[in-house]
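Asks: got a predicted model here, sequence first, then my questions.
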Amino acid sequence: MKHLKHRRGAAWLGLLLAFGLVAVACGDDDTGGPTTTTTQAVTTTTVATTTTEGLPQIAYGGQVIIGDDQEPPTLNSYAPGGDNFIVSKVGQAYWAGVQEIDGFTLELIPELVTELPTVANGGITVNADNTETIRYTILDAAQWADGTPISGFDFEFTYQTIMNPDYPISRTTYEDIIPESVVAGDKTFEFTLAQPTLIAELIFGLILPKHDIEGSDFMADWNDTMWVSAGPFVFDTWNKGEFIRLVRNDNYWKTDPATGQQLPYLDEVIFRFIPDTASLVNAWKARELDVINPPPDVGQLEELLALEAEGASVEVLGGPVWEHLSFQLGDGRLVRNPGSYNEHIEYRQAVAHAIDKDRIVDELLAGQVEPLDSYIEAYNPAWSQGSWAQYDYNPATSIELITALCAKEGVDCDANPPTAIFTTTTAALRVLLSEVLPDMFAAVGIGFEAQLEPSSLFFGESTEFGNYDLGDWAWVGTPGFAGLIGIHDVWDPEQAPPLGSNYYRYGSPEYTNPTGDAAFASYVEGASSVVNENSARMAVIRDEMNATVDDTELLALLAEAETLLADEVFFIPLFTRLDAGVVWADEIGNFKHNPSQAGTEWNIEFWYRADL
């Protein structure tokens, strides 16, 4: 197999786009009526052969056809079904909000505002009463497609829409805004949160046009058509079951800093919907499509990479999902494995040294990404210390640790070796992992048995009740500090199920029906087998992270948490899943794949026809 190592230069910083919602969750591979149209005239400009102020010029005109295997259930991201990823992919061409994810750095960058608010630039103030005031200054040039300036009153209207009790909209973080603190101006917007939180860096990711939406039935009128655009294109046509057509926004307010030209370059964008993956890929191979974001099938990616000699560009990056091995530390593990050794740190260290991550990445992902030495690498590698690098692949060290542990416990491990029972889902990638691990465990004298389950069972009873010994699943992050603060909630000793998502039972106390709700009467848990000074400190770190908005303080807390968690080694980061952006580069210029949930369309205003 051809191994082309397209290594990542930056980490996944995924955003649940449009809503500005923060979420980290278990991941799995098991990943109407007349159409109302709004038509805008298309202006085509011929190829420019001169330069403006010495800058090379790019040709205007033409179209791009993007293929996808899903069709939006609605165009309204706030309506039921609006959280489908394809809704935000299409929306990237006409939505705008406070922040965007840069496809080159994978960092949050400002979109509608002059800069993202921080303590340092005065955009965030922690008040004497421990409330947090946030201020936005909106770009003077920012305007809607009909020429109306984007104002603080649009931000205020967006807030009021989200908080409307008649709408089925998630109000996470927005509900912490003190209503009387909202102050809107022509190009300013200010509000105060009840307590300090950097989760606020992700809100107002999609701003609504007050002048276009006010007075309409918000949940009924914007499913098949779109409100006035703030992005490079405007909605034109939705032919259900086939395509969505967008056309150039002649009033778009951005210019290309490299050429000085007004954006966008393209006249129109077509999203074609082909539900069968094989047919989708074949349509791209036949040049019926210009851009696709295919599923992470290693064999298929190798076939696509072979077409680079014919003008294709296939960029394979670490995607938004990171996999890890998890040791269950609660007494539920004994249901699965009565002889579990997970409570012993020597055993967990031995397993960590037995895992050959390079082999895992080579065999599962064709060597397309680097193994992870820290969970932080999946969010921002610049902030990571690579703390799991201390557990290099070293079978000899693993054997020494097991031998010393057996001697300490007075166990004849030759006759009765420790055994790991591995439980995860039946998703294809995890099946492959279950087939690679046995040799690694056998080489250091640890037994290994795989017990794979349907995702509904594993992500239901098995993880909720801690009925696994050694598990594997994935987490999905969100960008910036907010994503990293959020992921630490899953290692909070005070938040084991059903109170939270500490499925590892790290440091969790003994409890019986902690919620007092009859529905949770079956939650009877003994204390975690790992309760120590580190677990107590982890609970404090998590609380401190959630109470500060100072970057310097947060970086220090992140470094301490990473070191602590790696030393405890009750989970082992493995790799990020593949995410590929595929384009006919001899036809489409300025394409840059973005593996975050900003999607491949993140900079669609810069795309142009290279063949004009």
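Replies: Nice, thanks for sending it over. Numbers count the residues shown, from 1 in each chain.

Asks: rest of the way, CA atoms for contacts and neighbours
Replies: Noted.

Asks: could you export stretch 473-487 as CSV, CA atoms only?
Replies: Extracted C-alpha coordinates of stretch 473-487, given in CSV (Å, rounded to 0.1, in the frame of the first residue of the first chain):
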residue,chain,number,x,y,z
TRP,A,473,-14.5,5.5,22.0
ALA,A,474,-14.0,9.0,20.7
TRP,A,475,-14.6,12.5,21.8
VAL,A,476,-15.4,15.5,19.6
GLY,A,477,-14.0,18.9,20.6
THR,A,478,-14.8,22.5,20.1
PRO,A,479,-12.4,25.3,19.3
GLY,A,480,-10.3,27.5,21.5
PHE,A,481,-10.1,27.4,25.2
ALA,A,482,-13.8,26.6,25.5
GLY,A,483,-13.3,23.1,23.9
LEU,A,484,-10.5,22.2,26.2
ILE,A,485,-12.3,23.5,29.3
GLY,A,486,-15.3,21.4,28.2
ILE,A,487,-13.4,18.1,27.7
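
Asks: quick one: buried residues of it?
Replies: 473-487 (16 or more other CA atoms under 10 Å).

Asks: before we move on, what about stretch 551-565?
Replies: Judged by neighbour count (16+ other CA under 10 Å), stretch 551-565 contains these buried residues: L554, L557, L558, A561, E562, T563, L564, L565.

Asks: please flag which of those residues sit within helices.
Replies: The helices, defined by DSSP state H, take in L554, L557, L558, A561, E562, T563, L564, L565 from the buried residues of stretch 551-565.

Asks: rewinding a little: and which of the buried residues of stretch 551-565 is nearest L433?
Replies: L565 (23.3 Å; CA to CA).

Asks: gap between that closest one and S374?
Replies: 10 Å (CA to CA, to the nearest Å).

Asks: dump the buried residues of stretch 551-565 into a markdown table; add pLDDT and distance to A382 as well.
Replies: Below are those laid out as a markdown table (pLDDT from 0 to 100; distance: CA to CA, whole Å):
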| residue | pLDDT | distance to A382 |
| --- | --- | --- |
| L554 | 93 | 14 |
| L557 | 96 | 15 |
| L558 | 96 | 12 |
| A561 | 98 | 16 |
| E562 | 98 | 13 |
| T563 | 98 | 15 |
| L564 | 98 | 18 |
| L565 | 98 | 18 |
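
Asks: out of those residues, which is nearest to V321?
Replies: E562 (18.6 Å).

Asks: residue contacts, the closest one?
Replies: Counting by CA atoms under 8 Å, 6 or more residues apart in numbering, E562 touches S374, I376, S384, Q385, S387.

Asks: I'd like the distance between it and K285.
Replies: E562 is 44 Å from K285, by CA to CA.

Asks: Y265 now?
Replies: For Y265, the distance to K285 equals 24 Å [CA to CA].

Asks: compare these two (neighbour count), which wins?
Replies: Neighbour tally, Y265 and K285, criterion other CA atoms under 10 Å: the higher count belongs to Y265, 24 against 16.

Asks: where along the stretch 401-550 of the chain do the strands fall?
Replies: Counting by DSSP state E, counting those that start in this stretch, the stretch 401-550 of the chain has strands at residues 419-423, 447-450, 470-476, 511-512, 524-525.

Asks: partner strands of the first one, with direction?
Replies: The reference is to strand 419-423. strand 447-450 (parallel), strand 470-476 (parallel) (DSSP bridges).

Asks: which of those strands has the lowest average pLDDT?
Replies: The weakest mean pLDDT among these belongs to strand 470-476, with a mean of 94.

Asks: so how far is it off the chain centroid?
Replies: Taking CA atoms, centre = their mean, to the nearest Å, one finds the center of strand 470-476 at 15 Å from the center of the full chain.

Asks: I169: which of the strands of the stretch 401-550 of the chain is closest?
Replies: Among the strands of the stretch 401-550 of the chain, strand 470-476 sits nearest to I169 (CA to CA), with 21.3 Å.
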